[in-house]
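[1] Sequence and predicted structure below; questions after.
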There are 4 protein chains.
Amino acid sequence: MNTRQQFTSDNYAGMCPEAWQAMMQANVGSLIPYGEDEWTSRAADAFRALFEKECEVFFVFNGTAANSLALAALCQSYNSVICSSYAHVETDECGAPEFFSNGSKLLVARTESAKLTEQDVRLLSTCRSDIHYPKPRAVTITQPTETGELYSLSEIRTLAQTCRELGLYLHMDGSRFANACAALGCTPADMTWRAGVDVLCFGGTKNGMAVSEAVLFFDRALADGFDYRCKQAGQLASKMRFLSAPWVGMLESGAWLRNARHANTCARRLAEQVVGQPGVSLMFPVQANGVFIHAQPAVLERLRACGWRFYTFIGGGARFMFAWDADMAEVDRLAADIKACAGAA
Amino acid sequence: MNTRQQFTSDNYAGMCPEAWQAMMQANVGSLIPYGEDEWTSRAADAFRALFEKECEVFFVFNGTAANSLALAALCQSYNSVICSSYAHVETDECGAPEFFSNGSKLLVARTESAKLTEQDVRLLSTCRSDIHYPKPRAVTITQPTETGELYSLSEIRTLAQTCRELGLYLHMDGSRFANACAALGCTPADMTWRAGVDVLCFGGTKNGMAVSEAVLFFDRALADGFDYRCKQAGQLASKMRFLSAPWVGMLESGAWLRNARHANTCARRLAEQVVGQPGVSLMFPVQANGVFIHAQPAVLERLRACGWRFYTFIGGGARFMFAWDADMAEVDRLAADIKACAGAA
Amino acid sequence: MNTRQQFTSDNYAGMCPEAWQAMMQANVGSLIPYGEDEWTSRAADAFRALFEKECEVFFVFNGTAANSLALAALCQSYNSVICSSYAHVETDECGAPEFFSNGSKLLVARTESAKLTEQDVRLLSTCRSDIHYPKPRAVTITQPTETGELYSLSEIRTLAQTCRELGLYLHMDGSRFANACAALGCTPADMTWRAGVDVLCFGGTKNGMAVSEAVLFFDRALADGFDYRCKQAGQLASKMRFLSAPWVGMLESGAWLRNARHANTCARRLAEQVVGQPGVSLMFPVQANGVFIHAQPAVLERLRACGWRFYTFIGGGARFMFAWDADMAEVDRLAADIKACAGAA
Amino acid sequence: MNTRQQFTSDNYAGMCPEAWQAMMQANVGSLIPYGEDEWTSRAADAFRALFEKECEVFFVFNGTAANSLALAALCQSYNSVICSSYAHVETDECGAPEFFSNGSKLLVARTESAKLTEQDVRLLSTCRSDIHYPKPRAVTITQPTETGELYSLSEIRTLAQTCRELGLYLHMDGSRFANACAALGCTPADMTWRAGVDVLCFGGTKNGMAVSEAVLFFDRALADGFDYRCKQAGQLASKMRFLSAPWVGMLESGAWLRNARHANTCARRLAEQVVGQPGVSLMFPVQANGVFIHAQPAVLERLRACGWRFYTFIGGGARFMFAWDADMAEVDRLAADIKACAGAA
C-alpha cells in the first residue's frame, strides 16, 4: 500500500501513539456500553478540566454529525443558520445540516472572506423579518477557517456580543480547534465560552484520532435531550470506550496540543520557504496548519507530476494540510518541488 | 475499572485480536480518506467473496444507522415497513427509522412471536389499500431474532417469496448475523440473496469489532445513491480504514465465524445446565448466542445480589448474551449461581 | 352528479349557509394576504371570545396538518406521543405526524378502548426511561373519539393532571370538537384549558366548512414560532380570508353549535330506532354524531344493496356519521332499511 | 374593511366570478371526499384537455406545497435542485423545499438574472462530482419569473435539452403560468411538455381562485406515489370539490386565460405611462403582470404617502402586480401618482 506521505488533507494521517495507546488500554474486559463506562466519564472530565467549565460533553462519530446535530439542537426546522460562503457545512456536507434539522436553511454571507464579520451577521439577520424568510437562530464560524485563517479572540467576542444582542446562538465548528489553540496560544476557555461561544464541535479525527468528535455545550440547558438526539440520529456508539478512551490519551498527555503545534509548524515552514518565490504566492495568511498556494496551472501540473496530490477547490490554488505525522523532511521536499516547478516557468 | 465479566449484552466485549491486529496494521502512513483506500476495497472484496456475490458494500458506524439507512433507501417517506413487535427497529431505536426516512411508519405485527410469518406480512400489507395507510414497501426481519431464535432457510425463502409477490423488499437486520450462520451451518449466501433477501445489515460490533456495521445490497440497483445517503446522514468516515481494516481481519482470518460459534456454544452451555432445574425455565429456544430465563422475581433478585447484571425487558425474564470473549468458567459460574438462586426458593 | 344523501362520513357534506355567506362577504376587494387581513383577526377574536381566553389561534388547511403541526410544535424528533390504538393520527394519517415532526414516534396504548386512560398514560410514559425509547412528551386524545364516544370533563381533568405530573403536554384532536360541546353541554373553555388541555385542533371541515381547521394554543408560549412552522410546512394560505371568514360566519352566528347539535340528534335518532332490534346492536355508546352498528355480514350486504355506503374499518361494524346537512327523513329511511335488512335474516 | 384597490400583490384579489360560480354549484349534496368525486375528475380532465396530454393531475392547497412536493417527488434527500437566485423556492419559502424533501439543497446560480441559463445549469451540475456535494437531480424555473420576465419557448427547450443531457428533471414553478401563456400566446402544451418540462405547478390562487394549485406530471411514472405524498404532507383535502370545482369554472369558461390577459394588459398599461418619465425607470422588461419601477427613495416615499402599498424587496424598486380584478382607472391613477411623485423631485 501507498506509504509516500501526502499533505492532501489532515485526514490522510492515522492515529497518533497517545490515542492508540489509550484505546489499547481500553480494549480490556467487559464494559458497560453506550457511554456509561469509566473511560467515557474520564474523557468528559478531561474536557471539563481543559475548558475549566462544567460543560456537557458528547462524543459522536464524525464532524458531519457533530456540526449538524449541534445546529439541529439550536434550531427548529423553520430557523436558519448564518455562515460564511466558505463554511464546510455549506460547501461540503451534502445537505447534512438541512437533513438533521429537517430543513433549517443556511444563510450564506456573500462576502469574499472565509471569516464572518459582525456586519455579515447583522445584515443576514436583520435584512428581513417576514415569515417567508427562515428565522435566524444561530451563527456558525469555523475556527480555524477552511482557508487556514484565524478569528482573533477579540473578533470572536465581537461576534458573540452581536449574536447575544440579536438573539442568536454562536456555534464554533472546531474540526481543527486544537490548531487554533496552538496558533493563538490561548486557553480553550478563552477561545470559547469566555468569548461567548455557546457550542463547540472539537475535532478529534484531524487532531490524530480515528473516529471521534466531541460536542461541548457550555450552556448546559442547550444540551437538553441531546443524548436522545444522538441516539436517534445513529450517533450513539454502543462500545463507546473506543471513541472516548483515545480522547483520554489525547487530553491527559497533552498530545492534542503537541500534535497541533507540530502541524502548524509544518505549515509555517512550507510557507516561509515558498513565500517571495517568483511564480507562487500565498492565497491566505498562514495561521494554522494549512497553506494555499496560488500559481499558474502549468506550475501545479508539474507539481502533480512530481507525485504530489492536492486539492484546488478553493480559488484554484493548491491546498496543503499538515497533520500530527507530517515529516519535516517531506515538507522541505515539497517546498523544494514547489520552488523548482515555479522556477521552471 | 470493572473487570468482572458480565453477560448483560454482547456489546460489553472489546475488540477481538484479529480485528485489532488488522486495525494496527492499517494505522500506518498516509491513506486516501472516505473509503477510497485499499483497506476498504479489500474489506468490500472480502464480503463479496464470502457472499459469493458482486454485491454493493458500505461501512457505517453503528447498527442504528445501518438499519435505518437501508430502510430509508428502500422506502419513500409515505411508505411503511412491516416488522415483528420484538423488532429492534421498533423497540429500541428511539425513532431512528422514522427519522432517517422522514416518516416511514413501522407496521408492527401484533403476534406473540419475534419471528414474522407469511401470514403477518400478508395481513399487514393487504388489510388496507387506501391512501390514509402508509403504503407497505419493505419487510424487515432480525436474524437471529431479538429473542435468540432463528428463521430457517425455508422460512426466509417463504417470506421472500411472499415479499416478491406483494411487491415488497426484504431487509435483514443481521446485527448478530454471524451467530445465525454459525448456528444454521449454512453459507452467508444461502441465508441471504439465495433465499431472496434484498439488503443485509451485517453487524460487526457484536461480532468482535469496535464501531462498524456493513450494509450489503445484493441487488446493486437498490444501492443507487447510497453513498450520498451515508454522507448526508453523517455516516461516512473520513479515516475509513479504521472501520474497514478490522473487517479484513475478521473475514480473512475466519474470526467472524469462530467468534460466533464460541458465543453460541456458551449460550447452549448455559441453557443445558439450567434447563430442567426447578424454578427456572427457558423462555425461548436457545438457537444463537442468547439465553432468556424465566424465574420468580425473588430468584432474579438473588441472582443480582450475586453480582450478575442482566436485562429483563423481554417478558420479565433474565437475558444473557454471549460474545466472542465469553469465559467458559464464568458461564459455568453463572449457571451454578442460577441453580443456587432458584433452588433457594 | 350524485345527490342521494349518504352518511358515510361527515365530510360528504358541503358548506353550511352561514359559512358560505361569510365567505361570500369576504370575497370583496383587495385584502392583505397571509392572515394580516381583518377577517382573520375577527375570526381569531371570535375564538378568543368563545373560549374566554387570550389564546393563540392559527388557521390551517386540514386536520392532518393541524394535528401533525401541533404535535410537532410540542415535540422534538426524538420525543414520542402517547395515543389510543384508535387514534386517527395513528391509523389514518399515512405517517403524517412522523413526517411533520421528523420522526416523533407514536406510543400506542394496547387497550381495547378508543378512550385513553390515566393508566395507559402512566404505563407508556414510565415503563422505560432509557435512551433507546423515544422520550414521551405529549398525549393526544380525540374528543369525541373515533368511535363516537366522549371523554367526560372529569376524565379530561384527570388525564391533564396526570400529564402535568409526568411532564407531558395534552393535545386534543377536536376534528369534531363542536359535537363534543353540543353533547356535553359544556363551554369550550371547560372542555379545554380549564380542564388542562394545552393545544386544541378545532375542526371546521366536519362542522360545515370547506377547508379550514383552527389550532388553538392556550399557553401562548407554546405557539412560539408556530407561524413559521405553518409557513414552512405549506399551511399558510395567501388568501387567508377564505379560510377565516367562514369561521366568522360559523362562530358569530352560533352555527358551529347548531350544526353539531343537529348531527348529534340524527345519530341518537338512528340509534334509538335500531337499538333492541334483533340482529343489530350498537358497538359503542352513541354520544356524538356517529353510530357504529354490529350486524352479520349478510345484513350489511343487504344494506349496501339498498344503496347505502358505509365503512366497516372499525371492528367490521357499519359506521354512520351525520353532518350539519343530514336530512331527518333520510335518517329514518336508513333506520327502516337497517331494521328491514336485519329482520330479513 | 379596506376596499381601496392595491397592486401590492396579485394575491390581494378575491375569487373571480367563474371560480366562485362553479364552487357554488359544487356546494350541493353529498359527495365522496378525498378527490373521488366527479368535480375533481372533471377538473383533472379539463387540465388534460387543455394540455393535450394524458398527464397526472393533483390539487393541493397552495404554491409552497405544490412546488415543494413536486421537487420532493423528483429528489432524494441527498439530491440538489438548481435554481436562480431570484427563485421563490429559494427566497420566500422559509425552507419549505428542504423541509418537504428532508434536506435536498438548492444550488443557487450566482448570476444577476432571474432567468436561469444553460450555462448556469451546466456549471452548477458539473462543477463538482464528489460525494460531499449534493447530487443535482432537478432544475426549477419560474415562468414568468419573479421579476415579471418570460422564458421564450426556445429558451425552455434549450434548458430542457440540457437537463436531459445531464440527467436532470425540469420543473416549472407556474404560480403565474396563465400570465405566461397569455403573454407568449402559445398553448400550455407548447410551453411545457412539448418543450421538455417534466412537472408543472399551475397556480390557481394568483389566477383568480382561493386556495388551489395544480401539480401536473407529464411523465406519469414520476407521479408514482404522489397521492400518498400529498396525503402524508397534509395536502389532501377531504372536501376536495371545493378545490377542484373552481378549476372547472376557470378552465371550461376560459377565465384562466382572460384573467391573465387582463392582468398583463394592466401591467403594460402602467409601464407605458411611466416609461420615459424623468426620475423613474423600469427595472425589468414588462412581459407579464408585474412592473418593477426604479426611483429615488424620496419618490417612493411620496408614492406611499399617496396611499399606495408596494414591496421593494427586489433591488429596492417598487413592485406592482396586477390580478384579474385590477381596475383600469386605478391603474391609471397609480400611473399618474408615479409621474407626479417623480416629477416632484
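    Right, received. Where do you want to start? Numbering: from 1, shown residues only, chains lettered A, B, ... in the order given.
[2] Nearest residue to the residue of the stretch 151-300 of chain A found nearest chain B in space, please, no chain neighbours.
    Using CB to the nearest CB, A:Gly234 is the residue of the stretch 151-300 of chain A that sits closest to chain B, at 3.1 Å. From N, CA and C alone the C-beta is placed, and that goes for glycine too. The spatial neighbour of A:Gly234 that comes closest, neighbours along the chain excluded (CB to CB, 6 or more residues apart in numbering or on different chains), is B:Ala65 at 3.1 Å.
[3] give me every residue that touches the one you found.
    Taking CB atoms under 8 Å, 6 or more residues apart in numbering or on different chains as the contact definition, B:Ala65 lies against A:Gly234, A:Gln235, B:Ala96, B:Phe100, B:Glu213, B:Ala233, B:Gln235.
[4] wait, is it part of a helix?
    Yes. For B:Ala65, which was evaluated using DSSP: H, G, I helix; E, B strand; the rest coil, the result is membership in a helix.
[5] Flag the shaky bits of chain A, pLDDT-wise.
    In the predicted model of chain A, residues A:1-3, A:345 satisfy pLDDT under 70.
[6] how does it divide into domains?
    Under automatic domain parsing, the residue ranges defining each domain of chain A are A:17-255, A:256-343.
[7] could you dump those domains to CSV with distance to A:Asn11?
    As requested, the domains of chain A are arranged in CSV below (distance: least, CB to CB, whole Å):
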stretch, distance to A:Asn11
domain A:17-255, 6
domain A:256-343, 8
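[8] where along chain A do the helices fall?
    For chain A, the helices defined by DSSP state H cover A:17-26, A:38-51, A:63-74, A:88-91, A:96-101, A:118-126, A:153-166, A:177-184, A:188-191, A:226-232, A:241-253, A:255-274, A:297-305, A:328-343.
[9] if you compare these, which one is most tucked away?
    Of these, the one with the most neighbours on average (mean count of other CB atoms under 10 Å in any protein chain shown) is helix A:96-101, at a mean of 31.
[10] Go ahead and measure how far that one is from the middle of the chain.
    Using CA atoms, centre = their mean, to the nearest Å, the distance from the centre of helix A:96-101 to the centre of the chain it belongs to is 18 Å.
[11] Touching that helix from outside, list them.
    Counting by CB under 8 Å, 6+ apart, helix A:96-101 makes contact with A:64-65, A:67-69, A:71-72, A:75-77, A:79, A:81, A:89, A:104-106, A:233, B:231-234, D:77-78, D:95, D:98, D:102-105, all of which sit outside it.
[12] Among the contacts of B:Ala65, name the ones in strands.
    Filtering these for membership in strands, criterion DSSP state E, returns B:Glu213.
[13] Could you measure from A:Leu184 over to D:Ala46?
    Summarising the geometry, the distance separating A:Leu184 from D:Ala46, computed by CB to CB, to the nearest Å, is 68 Å.
[14] For burial, what's the neighbour tally of A:Cys127?
    The local packing count at A:Cys127 equals 11, with neighbours defined by other CB atoms under 10 Å in any protein chain shown.
[15] pull the CA atoms of stretch A:129-141 into PDB?
    Presented in PDB, the C-alpha positions along stretch A:129-141 are these (Å, rounded to 0.1, in the frame of the first residue of the first chain):
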ATOM      1  CA  SER A 129     -38.300  39.900   9.300                       C
ATOM      2  CA  ASP A 130     -41.200  38.400   7.300                       C
ATOM      3  CA  ILE A 131     -42.500  34.900   7.700                       C
ATOM      4  CA  HIS A 132     -41.300  33.800   4.300                       C
ATOM      5  CA  TYR A 133     -37.700  34.100   5.400                       C
ATOM      6  CA  PRO A 134     -36.500  31.400   7.800                       C
ATOM      7  CA  LYS A 135     -36.000  33.000  11.200                       C
ATOM      8  CA  PRO A 136     -32.200  33.300  12.000                       C
ATOM      9  CA  ARG A 137     -31.400  31.400  15.200                       C
ATOM     10  CA  ALA A 138     -27.600  30.600  15.100                       C
ATOM     11  CA  VAL A 139     -24.300  31.700  13.700                       C
ATOM     12  CA  THR A 140     -21.600  29.200  12.800                       C
ATOM     13  CA  ILE A 141     -18.000  30.100  12.500                       C
END
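[16] and the top strand by length along chain A, anywhere near chain C?
    Criterion DSSP E: the longest strand present in chain A is strand A:135-142. Yes. For strand A:135-142, a contact with chain C is found by CB under 8 Å from any CB of the partner chain, at A:Lys135.
[17] Of the contacts of B:Ala65, keep whichever come out buried.
    Burial of these was assessed by neighbour count (16 or more other CB atoms under 10 Å in any protein chain shown); the buried members are A:Gly234, A:Gln235, B:Ala96, B:Phe100, B:Glu213, B:Ala233, B:Gln235.
[18] so what's A:Ala66 up against?
    Counting by CB under 8 Å, 6+ apart, A:Ala66 has contacts A:Val60, A:Cys201, A:Gly203, A:Glu213, A:Ala214, A:Val215.
[19] out of those residues, who's nearest B:Arg304?
    Within the contacts of A:Ala66, distances to B:Arg304 taken as CB to CB reach their minimum at A:Val60, with 32.7 Å.
[20] Chain neighbours aside, what residue packs nearest to the most centrally placed residue in chain A?
    Note on chain A: the residue nearest the mean C-alpha position is A:Ser175, at 1.7 Å, using CA atoms, centre = their mean. Residue nearest to A:Ser175 in three dimensions, not counting chain neighbours: A:Gly203, with 3.7 Å by CB to CB, 6+ apart.
[21] Ok, A:Thr162 next?
    Of all residues not flanking A:Thr162 in the chain, A:Glu118 sits nearest, at 4.8 Å (CB to CB, 6+ apart).
[22] mind listing what the closest residue to chain D within the stretch 101-250 of chain A touches?
    Here the residue of the stretch 101-250 of chain A nearest chain D is A:Gly103; by CB to the nearest CB that distance is 3.4 Å. Under the criterion of CB under 8 Å, 6+ apart, the contact partners of A:Gly103 comprise A:Ser77, A:Tyr78, C:Gln232, D:Gly95, D:Ala96, D:Glu98, D:Phe99, D:Asn102, D:Gly103.
[23] For the second one, give me its contacts.
    The neighbours of A:Tyr78, taking CB under 8 Å, 6+ apart as the test, are A:Gly103, A:Ser104, A:Pro134, A:Lys135, C:Gly225, C:Tyr228, C:Arg229, C:Lys231, C:Gln232, D:Cys94, D:Gly95, D:Phe99.
[24] Please tell me I have it right and the fourth one contacts C:Phe226.
    It refers to A:Lys135. No. Under the criterion of CB atoms under 8 Å, A:Lys135 lies out of contact with C:Phe226, with a separation of 11.7 Å.
[25] who in the stretch 151-300 of chain A is up against chain C?
    The stretch 151-300 of chain A comes close to chain C at residues A:Gly225, A:Asp227, A:Tyr228, A:Arg229, A:Lys231, A:Gln232, A:Leu236, as judged by CB under 8 Å from any CB.
[26] and if you look at the stretch 1-150 of chain A?
    The interface of the stretch 1-150 of chain A toward chain C, taken as CB under 8 Å from any CB, is made up of A:Tyr34, A:Gln76, A:Ser77, A:Tyr78, A:Asn79, A:Asn102, A:Gly103, A:Ile131, A:His132, A:Pro134, A:Lys135.
[27] tell me the contacts of the third one?
    I take that to be A:Ser77. Contacts of A:Ser77 were listed using CB under 8 Å, 6+ apart, and they are A:Ser101, A:Asn102, A:Gly103, A:Ser104, C:Asn102, C:Arg229, C:Gln232, D:Gly95, D:Phe99.
[28] try 10 Å this time
    Neighbouring residues of A:Ser77 by CB atoms under 10 Å, 6 or more residues apart in numbering or on different chains: A:98, A:101-105, A:134, C:72, C:77, C:100-102, C:225, C:228-229, C:232-233, D:94-96, D:98-99.
[29] same deal with the first one?
    Under the criterion of CB under 10 Å, 6+ apart, the contact partners of A:Tyr34 comprise A:40, A:227, A:231, A:236-240, B:9, B:11, C:130-132.
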